[in-house]
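**Q** Provide a 3D model corresponding to the input given below.
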Amino acid sequence: MAGKKTSKNIKFEEALAELESVVDKLQNGDLPLENAIEEFQRGTELSKICLEKLNAAKAAVQKLVVDPDNEDDYHAEEFADLEEENITASDRED
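**A** Next comes the predicted model:
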C-alpha cells in the first residue's frame, strides 16, 4: 500500500468503489496501526479526487432558461450562475 498513488484520471465510480473498500477495511478494525494510517491517507486522497470530479460535473451542468414573456427567447446558463441567482432571489424575498 505504501507509495501507491492515484491518477487523477481514475473514473469517479472506480475512485468511489475503492474509497468504500478503504472505509470497510478501517471500520473492520483488524488492521495494524501502520496499515490503518496508510489506508486512511489513501481514503483521504480518494475522497479529494471524488470531490474534484463531482465539482467538475456540477460546473458542467447547464440549464436552459426560457424568457417567460417570449418563449422563443432562451439561453443556457451555467449551474453556478443559477445557484447565485437563486440565493440572491431568496434574499430579496425576505
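
**Q** how about the spatially most central residue of the chain, what does it touch?
**A** Nearest to the mean C-alpha position of the chain, by Cα atoms, centre = their mean, lies residue 54 at 2.6 Å. Applying Cβ atoms under 8 Å, 6 or more residues apart in numbering, we find residue 54 in contact with residue 12. In short, each C-beta sits where N, CA and C put it, glycine included.

**Q** assumed residue 30 was part of a helix.
**A** No. Residue 30 is assigned coil when assessed by DSSP: H, G, I helix; E, B strand; the rest coil, not a helix.

**Q** the chain should start at 437 in everything you say after this.
**A** Taking 437 as the first residue, the last one we looked at is residue 466.

**Q** now it: how far from residue 474?
**A** 14 Å (Cβ to Cβ, to the nearest Å).

**Q** sheet partners, orientation included, of the lengthiest strand in the chain?
**A** Ordering each strand of the chain by length in residues (DSSP state E) puts strand 506-514 first. In the sheet, strand 506-514 lines up against strand 498-503 (antiparallel) (DSSP bridges).

**Q** hmm, back to that, quick one: buried residues of the longest strand of the chain?
**A** Buried residues in strand 506-514, counting neighbours by 16 or more other Cβ atoms under 10 Å, are absent.

**Q** grab the longest helix from this structure for me.
**A** helix 469-496 (DSSP state H).

**Q** list the buried residues of that one.
**A** Those would be 474-475, 478-479, 481-482, 485-486, 489, for helix 469-496 by 16+ other Cβ under 10 Å.

**Q** for residue 475, what are its contacts?
**A** Residue 475 touches 437, 458, 461-462, 467, counting by Cβ under 8 Å, 6+ apart.

**Q** closest to residue 502 out of those?
**A** Nearest to residue 502 among those, counting by Cβ to Cβ, is residue 458 at 44.9 Å.

**Q** pretty sure the closest one contacts residue 483?
**A** No. The pair residue 458 / residue 483 is not scored as a contact, 9.1 Å apart, by Cβ atoms under 8 Å.

**Q** isn't residue 486 right up against residue 451?
**A** Yes. Contact criterion Cβ under 8 Å: residue 486 and residue 451 qualify, at 5.2 Å.
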